[in-house]
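Asks: the following block contains a protein sequence and its predicted model.
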Amino acid sequence: MSDLPDLSRRNLLRRDQSLPPRLPWLVSENAFIDACTRCGDCIDACPTGIIQKGRGGFVELNFDKDECTFCQACVKACKVEMFRGFEQAPWSYWAEVQDNCLTHRGVVCHSCKDACEPRAIAIRPTLGQVARPQLDLDACTGCGACKSVCPADAVKIQTKARPSVTSKAY
Ligand code: SF4
Ligand code: SF4
Ligand code: SF4
């Protein structure tokens with residue numbers, strides 16, 4: 001068990017409005033903050049190396065490095081019971097392309113689309129403009145593969161609730 005008092009854990013949670021991406025299949029951020037021992041076993045288990053220690057020593061995912069392949073290795077390596085069943089969706093994260101996307105400056109770029117295995121990104125022609133990425137939120141798994149390949153660092157992986165629209169143009 002960790003030596004971090006419960007109160008400190010709660011304060012850490014309350015102060016942090018913008019939560020970093022956590023491990024897949026977690027029951028909740030609260031359950032994670034309460035139960036994670038910060039042992040680091042999941043870091044060693046992740047084949048893509050995206051798990052790292054963050055604030056307070058708690059593990060978080062770094063999609064600037066690589067993607068989550070949903071291999072389940074981190075969950076299987078963790079000795080704490082704070083995960084949902086693998087038959088459920090791993091999380092509700094989703095990708096969002098920001099305004100600094102190169103296509104907004106007239107530069108042709110397909111990097112995010114090419115990296116997206118679930119084909120959640122289409123490059124749609126726009127009249128008189130360079131074609132821009134369009135995201136299908138229903139198809140996006142939040143894997144992060146589009147983030148590390150973006151030459152403009154224009155992709156953000158959102159950890160908040162998904163918008164209700166089916167697809168979004170940028
Ligand atoms: S293996 Fe589990 S308890 Fe250990 S740092 Fe990772 S999530 Fe926390
Ligand atoms: S599911 Fe696999 S790829 Fe994704 S964070 Fe866990 S160990 Fe890494
Ligand atoms: S997060 Fe994954 S599924 Fe979603 S758009 Fe990016 S590469 Fe595609």
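Replies: Here it is on my side, so go on. Ligands and ions are numbered 1, 2, ... in the order given.

Asks: quick one: residue 96 is in a helix?
Replies: No - under DSSP: H, G, I helix; E, B strand; the rest coil, residue 96 falls outside any helix and is assigned strand.

Asks: near ligand 3, which residues of this structure show up?
Replies: For the chain, the residues in contact with ligand 3 (CB under 6 Å from any ligand atom) are 95, 115-116, 118, 120-121, 135, 140-146. Heads up, the C-betas are built off the backbone N, CA and C, glycines and all.

Asks: pick the one among the residues you listed closest to residue 56.
Replies: residue 144 (22.2 Å; CB to CB).

Asks: does the closest one touch residue 61 like I think?
Replies: Yes - at 7.3 Å, residue 144 counts as touching residue 61 under the criterion of CB atoms under 8 Å.

Asks: quick check: neighbours shared by the two?
Replies: By CB atoms under 8 Å, 6 or more residues apart in numbering, residue 144 and residue 61 have these common neighbours: 21, 50, 68.

Asks: got a PyMOL select line for the buried ones in those?
Replies: Selection of the buried residues among the shared contacts of residue 144 and residue 61 in PyMOL, burial being defined by 16 or more other CB atoms under 10 Å:
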select buried, resi 21+50+68
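
Asks: per-domain residue ranges of the chain.
Replies: 6-77, 94-169 (automatic domain parsing).

Asks: could you see whether ligand 2 lies near the longest one?
Replies: Translated: domain 94-169. No - Domain 94-169 lies apart from ligand 2 when judged by CB under 6 Å from any ligand atom; the minimum separation is 8.2 Å.

Asks: sorry, back to before: closest to residue 86 out of the domains of the chain?
Replies: Proximity to residue 86, assessed across the domains of the chain by CB to CB, is greatest for domain 6-77 (6.1 Å).

Asks: show the subsequent helix or strand relative to the longest strand seen in the chain.
Replies: Ranked by residue count, the top strand of the chain under DSSP state E comes out as strand 129-136. Counting by DSSP states H and E, the next helix or strand C-terminal to strand 129-136 is helix 145-148.

Asks: what are the buried residues along the helix or strand just after that next one?
Replies: Toward the C-terminal end, the helix or strand that comes next after helix 145-148 (DSSP H and E) is strand 155-158. Along strand 155-158, these residues count as buried under the neighbour rule (16+ other CB under 10 Å): 155, 157.

Asks: using PDB, write out the CA atom coordinates for strand 155-158.
Replies: These are the backbone C-alpha positions of strand 155-158, laid out as PDB (Å, rounded to 0.1, in the frame of the first residue of the first chain):
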ATOM      1  CA  VAL A 155      -3.900  16.400 -32.400                       C
ATOM      2  CA  LYS A 156      -5.200  16.400 -28.900                       C
ATOM      3  CA  ILE A 157      -6.500  13.200 -27.200                       C
ATOM      4  CA  GLN A 158      -9.600  14.300 -25.200                       C
END
